Each structure stands twice: as C-alpha cells, then as structure tokens.
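*Asks:* Got a predicted structure here, sequence first:
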Amino acid sequence: MEKGVQELKYALVTGGSRGIGRAICLQLSKDLGYHILINYRSNKNAALETLSKIESQGGKATLLQFDVANASETETALSLWQENNKDAVVEVLVNNAGTHKDGLFLWMKSNDWKQVLDTNLNSFFYVTQPLLQPMLLQRFGRIINVVSLSGLKGTAGQVNYAAAKGAVIAATKSLAQEVAKRNITVNAVAPGFVTSDMTAGLDEKELKKLVPLNRFGTAEEVAHLVSFLASKKASYITGEVININGGIYS
C-alpha cells in the first residue's frame, strides 16, 4: 500500500467489471490501497465478482452503476455518490470502458458510428469533467485513459473505433497541459492484442505472428502499467501515450 493514501481516497475505474478493467481494479487496490469504485453498465454479477476478488485480497470496493455513454445518467450517478460521500475524493480516474462495432466504413451504419464514439470518446468528457474540479482543488490527481493500438496506427474495419481512440489520445495530451500546474497528470495506455472479451473472436494463433514477442498480452500486464502511472512514482510523467503491445508498433 502506498503511503499517504487514506480510506476516504478513491479510485474510479469505468468498465471495471471484467477483463482489463477488473485487472486494473485489483491492481490499484493491491498496490496503492485505494477504495475502488467499480463502474459497470449492466453486468452486475461480473461487477460483484470483481468486488469479491478485491475484498478477498484485503481491499475495499463499491459498485457504481451507470452508462458512461449517457451524459445525464453519468452526471446523476456521480453527483449522488459525491452527495452521499461528502468527504470522499476520487484521486485516480481510469477511463477504461469501451466498445467496438467493427465493419468496413463503406457499409457502416450511423448507429454503429455513434455508439462507438459515445462509449469510447464522449464518455471521457462525461466522466472526467465532473471529477476534475475536486482534483484541482486538492492539487493532486491521476487520470489514465485506456486507448488502443488502433488509435495510433489505424486498423481496417475499425474506422469508428480508431477515430474515437485517436481523439482520446489528442484529448489526453491537451488536458495534461491544462492541469499540470495543479499536480494532476493525464496519461494514456495503448494496448495491442490483449487476451480479453474484446479479442475473444480473433484468431490468436495467426495474429500473434504479427507480434514480435509472439504472443498476446494479458490484462494483468496492462493493469501493472496503469498502477504505475497512478502512483507517485510516475509524478513526472504526463501527456504521454505508452504502448503495451509486444513490439507490434514500435
């Protein structure tokens, strides 16, 4: 547990019920001792499983249900939580929730474009803005955005997803410059092929041949990087996009 973290200091992980999000929740709790706010949209059983795993390793966590793609729902949930926890401070925000609706741009339906941008890009605004003011007043904060290899190099069949993640990368660099003087860092991590629900339908045997390390990454490896960026050890790193992809984009 990192020194100086008190019980009333929290870390919010959006999309924290499964996959990379769950791994991040567990790692932040284990390494830094934060009380974890596990955001989920609909899969309460998975969120409860994450909660149980955190508690089994001696940590504390709370479920926080809202759809990050819905502005009013997000605002209501965060406002209500803050109202019920007046002395609480969210020191660490991990914008991890995401979705993809892949297909060639020529045939892409407008709803697939909108849904992906709402969940992967607009959610960054909806969740981050209300939590930023308390960080500024406290003069400390860590904002970590989970982006993607697709947002850096582009991927055929993922024009919507790449557009959203690319925009979050640009937002990361810009916001980092706005808040640095208040000791708030804003960084992004860009996973490549990582074994998770998002990659369940991919041909891992073939795709790993594209990766110099010749394997997919794990959610835990991404979580270790996020935990480092959330720690005081990373105090002089901001506005960065750190690739974690086995060398596929180096």
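*Replies:* That came through fine. Numbers count the residues shown, from 1 in each chain.
*Asks:* Now do the same contact list for the residue nearest to the spatial centre of the chain.
*Replies:* In the chain, the residue lying closest to the centroid (Cα atoms, centre = their mean) is residue 96, at 2.2 Å. Applying Cβ atoms under 8 Å, 6 or more residues apart in numbering to residue 96 gives the contacts 13, 14, 15, 16, 20, 21, 24, 146. Placement of C-beta: from N, CA and C, glycine included.
*Asks:* And whichever strand or helix holds residue 63, how far out from the chain middle?
*Replies:* Residue 63 is located in strand 61-65, with elements delineated by DSSP states H and E. Put simply, strand 61-65 sits 15 Å off its chain's centre (Cα atoms, centre = their mean, to the nearest Å).
*Asks:* Residues touching the following helix or strand past that strand, excluding its own?
*Replies:* Where DSSP H and E defines the elements, the next helix or strand beyond strand 61-65 is helix 71-84. Here helix 71-84 makes contact (Cβ under 8 Å, 6+ apart) with 37, 64-68, 88, 122-123, 126-127, 130-131.
*Asks:* Pull the most distant pair out of those residues.
*Replies:* Across these, no pair lies farther apart than 88 and 122, at 25.3 Å, counting by Cβ to Cβ.
*Asks:* C-terminal to the helix or strand bottoming out on mean pLDDT in the chain, what's the next element?
*Replies:* Lowest on mean pLDDT, DSSP states H and E among the helices and strands of the chain sits helix 204-207, with a mean of 78. For helix 204-207, the following helix or strand on the C-terminal side (DSSP H and E) is helix 219-230.
*Asks:* Can you point out the buried residues in the longest helix along the chain?
*Replies:* Secondary structure of the chain per DSSP state H: the longest helix is helix 159-179. For helix 159-179, the buried set under the neighbour-count rule, 16 or more other Cβ atoms under 10 Å, comprises 159-169, 171-173, 175-176, 179.
*Asks:* same check, this time on stretch 32-42
*Replies:* Buried-residue list, stretch 32-42, by 16+ other Cβ under 10 Å: 32, 33, 34, 35, 36, 37, 38, 39, 40, 41.
*Asks:* Looking at those residues, which is nearest residue 50?
*Replies:* residue 38 (5.4 Å).
*Asks:* what sits against the closest one?
*Replies:* 13, 16, 17, 25, 47, 50, 51, 54, 61, 62, 63, 64.
*Asks:* Name the SS class of it, please.
*Replies:* strand (DSSP: H, G, I helix; E, B strand; the rest coil).
*Asks:* I'd like the distance between it and residue 118.
*Replies:* 21 Å (Cβ to Cβ, to the nearest Å).
*Asks:* swap in residue 229?
*Replies:* 25 Å.
*Asks:* These two - which one has more neighbours?
*Replies:* residue 229 (23 against 18; other Cβ atoms under 10 Å).
*Asks:* can you pull the buried residues of stretch 180-188?
*Replies:* Buried-residue list, stretch 180-188, by 16+ other Cβ under 10 Å: 184, 185, 186, 187, 188.
*Asks:* in the sheet, who's paired with the second one?
*Replies:* Think residue 185. Beta-bridge pairing of residue 185 under DSSP bridges involves residue 142.
*Asks:* In ChimeraX, how would I select the buried members of the contacts of helix 71-84?
*Replies:* The buried residues among the contacts of helix 71-84 can be selected in ChimeraX (16+ other Cβ under 10 Å) with this line:
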select :37,64,66,67,68,88,122,123,126,127,130,131
